[in-house]
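# Pasted the sequence and its predicted model underneath.
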Amino acid sequence: MANHYIVLFLLIFLSFSPTSQSWGWFSSSAHAHSSENQSGNRDSMSKGLVAEFSVDALDNPKAAELLENAKRKLGGTNPCWFRAYQDLFSTCSEIFAAEEKRKRLAWHLSDCFQKDTGRTPFPSCARKSVMVDCLRKLNNDDHKTYLEFYLKTNSICHQLQSKAFKSQLQGLVNDLKDSALVAEDKLKIIEEKSDNLLHSSNGIHESITSIDAQTQVVGETLKKMFGYLSVVLNHSKELNETTKGIAMSQAELLEGQGQMKDKLEENMLKIQESYQNLGEEILGLQKKTVDIKQEVNKVGEAMSSKMQNLQGKTDDITKMAKISVDKQQELLQGQSIALESLKSLTTFLSQALQESRVSLEQLVDFANGQHQELLKQQQQLLLANDHLANNPKSILAAQEAFELKQASMFAAIDKLFALHNAMLLESRVIKAFFVYSYLSPRSLHADKHKANLW
C-alpha cells in the first residue's frame, strides 16, 4: 500500500510539473497569436518588441543534471564510462525502437558503475547473446542497479532529443518571424507607393476636370461668337436689302427724271413752235393792220413779258434739273462707293467667317484629340492603380493564408509537445513503478550510498 501511495503522489506531482505548465503557456500564446488583431501585432513587430522564441522552460532539471553528469564522465579519464556514454550518445535515436540495444547500453553503464564503486563487475555478456539471458545472471542488488541505469538512459536520450528538437524549433520559429517582418516591411513600402500613385492620379484627374471646364468655356465662347456672327450676317442681309431698295428707288427716280426731261423737252418744243407761230401771226397781223399792231404790240409786250417769265421759269427748271442730275450723279457715286465698301465688307466678313470656322474646327479637333488622349491616359492610370491595388490585396491574402498555416503548424507543434509530455509522464510513471516496486527497506542504505556517488 505504501508503494501505491508513493506512485499516486508521483503522478500528482508530475501532472503539476513546470513542464506541463510551460507547454500550456505555449499553447495559449499560440492561440492568442492566431486570434489577436493583425494591426497590433504588426506594430509591435515593427517596433522590435517581439522576443525571440524559446522553449527553455521545457527542460527537465533532473534529466539535464543526468546529461551533465554523463558529459563530465564522457570527458573524464575512465575508459569504461567513455565507451559506454559514447555508445549511448551515438545510438540515442535508435534505442526507442530497439529495446535490445537499450538494455545493452544500460548493461554497460551499470558495469562501469560497479567497477567505479569497487563492487563486483557484471558477468560477461556476448554481443550476440540475448539480454534476457544475461540479466538472469544478476542478483537482486545488481538487477536494481541495472534497472536504475536502464531508466536513466531513457531520461538522457529524452533530454538529448528534446534539446535537438528545441534548437530546430527555435530556428524554425525565428526564421518564420524574420520572414513575417520582411513581408510586413515590403507591404508597408507597397502601401506607401500605392498612396503616392493615388495622389498622382487624383492630381491628374483634377487637371483633366480643369481642362474639361476650359473646353466647356471655349465651347460657350464659340457659341456666343457664332451668335454674334449670325447677328452680323442678319445685319448684312438687311443692309443688302436696303441697298437693293435704294437702288430700285434710284432707278425709279432716274426713270422719273428721264420722263420729266422728255416732257420738258416736249414742252420746250411746243413753246418754240407756238412762239414761231405767234411770231408769224404777229408779222401777218402787222402787215394786215396798223390798229391791230398797237394791240398786237401790247399783246406782244404782254406776251414777251410772259415769255420772259416763262423763259425764267424754264431756266430755273433747267437749273434745277441740272442740280438734280448732279446730285443724282453724286448720289450714284456715293452709292457705288457704298456698294464697293459693302462688297469689300462682305468679302472680309466671309473671309473672317471662313478663317474663324477653320480655326474653330482646328481648335475643336485639337481639343477632342487632347481630350481623347487624356481619357486614354486616365484609363491607363486607373488600370495601373487597380493593378497596384490588387497586388497588396493578393499579398495580404497570401499573408493571411501564411498566418493560417502558421497557426495550424503551431497547433500541430502544440499537439506534438502534448504527446511528448504524455510520453514523458508515462515513462516517469513506469520508472517510478519499477523503482518503487523493486525497492525494499533492506536496500535503503545502498541507495543513499549510490545517491552520494552520483
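Right, received. Where do you want to start?

# All the helices of the stretch 101-250 of the chain, in order from the start?
Here the stretch 101-250 of the chain has its helices, by DSSP state H, counting those that start in this stretch, at 131-135, 140-288.

# Give me the buried positions along the first one.
This points to helix 131-135. Buried positions in helix 131-135, judged by neighbour count with 16 or more other C-beta atoms under 10 Å: M131, C134, L135. Where C-beta positions appear, they are placed from N, C-alpha and C, glycine not excepted.

# Residues contacting it from elsewhere in the structure, which ones?
Here helix 131-135 makes contact (C-beta atoms under 8 Å, 6 or more residues apart in numbering) with E100, K103, R104, W107, F122, P123, C125, H143, Y146.

# tell me the mean pLDDT over stretch 420-439?
On average, the pLDDT along stretch 420-439 is 75.

# So which bits of that stretch are buried?
Result for stretch 420-439 [16+ other C-beta under 10 Å]: buried residues H420, N421, L424, L425, R428, K431, A432, V435.

# Report pLDDT for I189.
91.

# any idea of the angle the helix or strand containing L388 forms with helix 140-288?
Here L388 sits within helix 291-438, counting by DSSP states H and E. Calculated by axes from the mean of the first three to the mean of the last three C-alpha atoms, to 10 degrees, helix 291-438 forms an angle of 180 degrees with helix 140-288.

# could the buried residues of helix 131-135 be laid out in TSV, adding distance to N297 and pLDDT?
Formatted as TSV, the buried residues of helix 131-135 follow (distance: C-beta to C-beta, whole Å; pLDDT from 0 to 100):
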residue	distance to N297	pLDDT
M131	200	75
C134	205	82
L135	204	79
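
# between those residues, which is closest to E361?
Using C-beta to C-beta, M131 is the member of these that lies nearest E361, at 108.9 Å.

# For L222, give me its contacts.
So L222 contacts L360, V364 (C-beta under 8 Å, 6+ apart).

# now with 7 Å?
By C-beta atoms under 7 Å, 6 or more residues apart in numbering, the contact list for L222 reads L360.

# With R104 instead?
M131.

# What separation do you get for it and D262?
Distance of R104 to D262, given as C-beta to C-beta, to the nearest Å: 164 Å.

# returning to that earlier point: could I get the contacts of helix 131-135 in a markdown table, plus columns for pLDDT and distance to I189?
Converted to a markdown table, these look like this (pLDDT from 0 to 100; distance: C-beta to C-beta, whole Å):
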| residue | pLDDT | distance to I189 |
| --- | --- | --- |
| E100 | 72 | 60 |
| K103 | 75 | 61 |
| R104 | 74 | 61 |
| W107 | 77 | 63 |
| F122 | 78 | 69 |
| P123 | 75 | 73 |
| C125 | 82 | 68 |
| H143 | 78 | 69 |
| Y146 | 80 | 65 |
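
# Considering only helices and strands, which part of this structure has the lowest mean pLDDT?
Using mean pLDDT, DSSP states H and E, the weakest-scoring helix or strand in the chain turns out to be helix 18-35, at a mean of 36.

# and S324, how many neighbours?
By the criterion of other C-beta atoms under 10 Å, S324 has 14 neighbours.

# Over to L151?
19.

# now do L176
L176, neighbours per other C-beta under 10 Å, totals 16.

# pLDDT score for it?
At L176, the pLDDT recorded in the model is 81.

# doesn't K405 make contact with it?
No. Using C-beta atoms under 7 Å, L176 is not in contact with K405, being 9.9 Å away.

# how about the CA coordinates for stretch 129-141, as CSV?
The C-alpha coordinates for stretch 129-141 follow below in CSV (Å, rounded to 0.1, in the frame of the first residue of the first chain):
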residue,chain,number,x,y,z
SER,A,129,23.6,-13.2,-26.8
VAL,A,130,20.1,-12.1,-25.7
MET,A,131,20.0,-9.6,-22.9
VAL,A,132,17.3,-11.6,-21.0
ASP,A,133,19.8,-14.4,-20.6
CYS,A,134,22.4,-12.1,-19.4
LEU,A,135,20.1,-10.4,-16.9
ARG,A,136,19.2,-13.8,-15.3
LYS,A,137,22.8,-14.0,-14.1
LEU,A,138,22.4,-10.9,-11.9
ASN,A,139,21.5,-10.9,-8.3
ASN,A,140,18.8,-8.7,-6.8
ASP,A,141,21.1,-5.7,-6.0
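
# Noted, bye for now.
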